[in-house]
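J.: Sequence plus predicted model, see below.
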Amino acid sequence: MGTSVKLHSNFFKFQLKTQGLQKYFVEFFPNIAQVTSSLRQRVIGKVASAVRQKIGSFVYDNTVVYASNEVSEEFSVETSYDETNYTVTFKPVGSAEDHLERFKFYNKFMKVVQSKLGMVPILRKLYDYQNGVVELEKHKLEIWPGYSTAVHEFEGGCMLNVDVAYRCIRTLTVFDMLKECRGNPRQEFEKLVTGSCVLTKYNKKCYRVEGVDFDKDPSFKFDVGGQQESFLSYYQRRWGVLIKNKDQPLLVSSLKEIGQIYLIPELCIMTGITDAMRSDFGLMKELSEKTKSLPKTRINNCRGLIRNLKSKQKTSEVMESWRVDIQENPTEVVAKVVEPGRVQTGQESFTINPLKGSFDTDIGTRQLFKHPGLKKWGIFYVKSDQRLVEAFKSTMQQALKTFRVSAGPPASFGLSTNNWDEWEARLREVLAPDVQFIICILPGSRGKSKLYDPLKSLLIRDFPVPSQVVLNNTLKRDRALRSVVNKVIIQIVAKIGGTPWLLENLPQSGTNTMVVGVEVFSKRSSHSVIGLCASLDPNFSQFCPVAELGHTTAAMNFTESMLKALETYYSVNQTYPQQVIIYREGISDSGRAEALQTEVPNYLNALETLLQQGKVPQRPKLLFLIINRRTNARFYTAEEVKNPPIGTCVDTQVVHPQGWDFYICPVTTNQGVASPTHCFVLYDDTGLSADQVQVLTYRLCYSYWNWCGSIRKPSPCQFAHKLAYHIGERSHPSAPHAYWSTTKSQFYL
């Protein structure tokens, strides 16, 4: 399958040469609860020197200590912290032979060593706030460089994965940001900070903000060792920090060990970027320029971390004491490059350019593959946009002829204002079951149209009519109007049950196979939505949407969703599929075991139900893959250190030693370093070959109708994502109209 290519990776051989890894249980007297990990850590820090004299270098991990030296008898060390005397006892329990436990130690060791470089942990990555910081004064931001690291066992042995990371840090305090809030300051401030990650200035600790308490201020008293003390007094005594503004609310966060805690806005700075910042084109361009380094620079930065660990005195001493060796040269892999294949339109077909991975110019001049035609459809708009609408309709007629889509003239509905009550009344008046499609031209720019949310909610719940929203600001760009219209027509065709284009010769196409995408949308402390999209035709080009609402992901009924999809498949094909291929996004590496135990049996139960009810002679086969785009793996061509060719597939050396997984590089990257997509086969009884699964997975990246080219995941995954989020992100989500689950309409795009 495909041609071979030699690549470098960002995986480095990791070796612990110490003969044995010894383990000791740790007990505190008086007892410090296990959940109070920060206090335990500080007490261990006080006895560290005495412990090293007994067992040599050690790594502490809350309830246990790992060391290279063995002591046969338990021993105790006494110390005092915060006016309390403690006795810490270490009980030897032998060597740590368990595979998972050793790798837990390796990763804890890496965090300990990196912290000796003065790096600050923020959301599982470590950042250097002392070296290489980039200031963006205009935007009141700093960019901190850092790394993500992880040690695991791979097919090629034990390796350290290193990737470069960046974090945006505000130069304003959270209190400064409160003072900038206008309109309804309290509401705006709470919306701004809730869910964000803040960094405390006094000790560089990171916390997730859960809310704001406007009824409390820094004079509020809390219990400290049985005594009531205000935040004003505590911070001056404990940290030597004087709180200047006494009239500020408190941020609410929580820690596992002690529950709810309060933070002072004046002493916190926000990390990350907001949605408003993401919509600032100038800022995002500058961030991209500062953070998207060339492949050669990025891999050298990864090597630089390893060189620093080996050369800096504090870190080299620790590594030498443990006899840890990390190779500076990255692991080489031999990969294969999969051809993207051919696309079929109305009467023609063409080969996808393997250098570009896109075909918008090829599609823009051809007849679309399959389209039902438009007979009864309409355009809704505000009358003040009349001129824009006329230009849009004229361009639309030209493009419809090019695409050879038969369409009558649309009915036009001009409204006086952008008041939702007027829009809702008009829509309820004219919408009927025989209306095929509506286009709504709304005032506003992306993410800022107040009509969008109530409009989509109405059409999801009460009036199941496919729709397309076009913002009037988009139509003001005259030169791009034809391109916009082309994209609108492609989406219209998909939403009324057509197929814009077809991928030729997909593995398993033409067989009795159903391809499924699944994703779950979850809103914190609110609701969850299953989005399941299942193919209905032999070419995997038409999908039925199934959406289920629930309170938590754990309570979601995947069995019921799958049964609905199977019955819709039968209604179209008069037979049930003989095999089902599921692409599931949204499961982390640590969540695989739980998914295998809880979610996969749901799908097997649905397939088994068909057999028990006598609807099939044998249970349909199942292939279940987890798709993960958030991977820190990176690959580079070995000779020139460039991004790998599009279609590159890696399935050796840096993959799971027992499992079945692979990486694909489905898109081209014009800036920075390409991010591969990781695919992990969690369950399989189909008997399909690795080549078949890899080619199918890659080529399905080319059938997402919102983009004429490849995306970073198979299209069924993106369809499921769009469906789940289309419903879940509504302010007051409700189950979609029953009509949607019986249709081929991809109304959620």
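T.: Yep, that arrived.
J.: In the stretch 1-150 of the chain, where is pLDDT below threshold?
T.: Residue ranges of the stretch 1-150 of the chain with pLDDT under 70: 1, 34-36.
J.: Please apply the same query to the chain.
T.: Ranges of the chain meeting pLDDT under 70: 1, 34-36, 257, 446-448, 478, 524-526, 551-556, 730-734.
J.: what ranges do the helices span in the stretch 351-500 of the chain?
T.: Counting by DSSP state H, counting those that start in this stretch, the stretch 351-500 of the chain has helices at residues 360-363, 386-402, 420-430, 452-461, 472-475, 481-495.
J.: right, and those helices - which one's nearest Gly687?
T.: Closest approach to Gly687 among the helices of the stretch 351-500 of the chain (C-beta to C-beta): helix 481-495, 32.6 Å. The way it works is simple: take the backbone N, C-alpha and C, and place the C-beta from them, glycine included.
J.: So what's the gap between the longest helix anywhere in the chain and the chain middle?
T.: Assignment by DSSP state H gives helix 37-55 as the longest helix of the chain. A distance of 37 Å separates the centroid of the chain from that of helix 37-55, by C-alpha atoms, centre = their mean, to the nearest Å.
J.: Which elements pack onto it?
T.: Packing partners of helix 37-55 (3 or more C-beta pairs under 8 Å, 6 or more residues apart in numbering; DSSP states H and E): strand 22-29, strand 58-61, strand 64-67, strand 75-81, strand 84-95.
J.: The last one - contacts with which helices or strands?
T.: Here strand 84-95 touches strand 22-29, helix 37-55, strand 75-81, going by 3+ C-beta pairs under 8 Å, 6+ apart.
J.: Please work out which of the ones you listed is packed deepest.
T.: strand 22-29 (a mean of 18; mean count of other C-beta atoms under 10 Å).
J.: Run through the neighbouring helices and strands of it.
T.: Secondary-structure packing of strand 22-29 (3+ C-beta pairs under 8 Å, 6+ apart): helix 37-55, strand 64-67, strand 84-95.
J.: which residue is nearest the middle of this structure?
T.: By C-alpha atoms, centre = their mean, the chain has its centre lying nearest to Arg630, at 5.8 Å.
J.: Report the secondary structure element holding it.
T.: Arg630 is part of no helix or strand when elements are defined by DSSP states H and E.
J.: Correct me if wrong: Glu266 contacts Leu172.
T.: No. At 10.9 Å, Glu266 and Leu172 do not qualify as touching, with contact defined as C-beta atoms under 8 Å.
J.: So for the two, which residue has more residues nearby?
T.: Glu266 (19 against 14; other C-beta atoms under 10 Å).
J.: Return the residues in contact with the residue nearest to the more buried one when sequence neighbours are not counted.
T.: Leaving aside its chain neighbours, Glu266 sits nearest to Phe175 (4.2 Å; criterion: C-beta to C-beta, 6 or more residues apart in numbering). Residues near Phe175 by C-beta atoms under 8 Å, 6 or more residues apart in numbering: 245, 248, 264-266.
J.: PyMOL command for the buried members of the residues you listed?
T.: Selection of the buried residues among the contacts of Phe175 in PyMOL, burial being defined by 16 or more other C-beta atoms under 10 Å:
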select buried, resi 248+264+265+266
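J.: And the contacts of Phe175, which is closest to Val47?
T.: Val47 lies nearest to Ile264 out of these, by C-beta to C-beta, at 31.4 Å.
J.: List the contacts of that closest one.
T.: Contacts for Ile264 (C-beta under 8 Å, 6+ apart) come out as 175, 218, 231, 235, 243, 248, 250-251.
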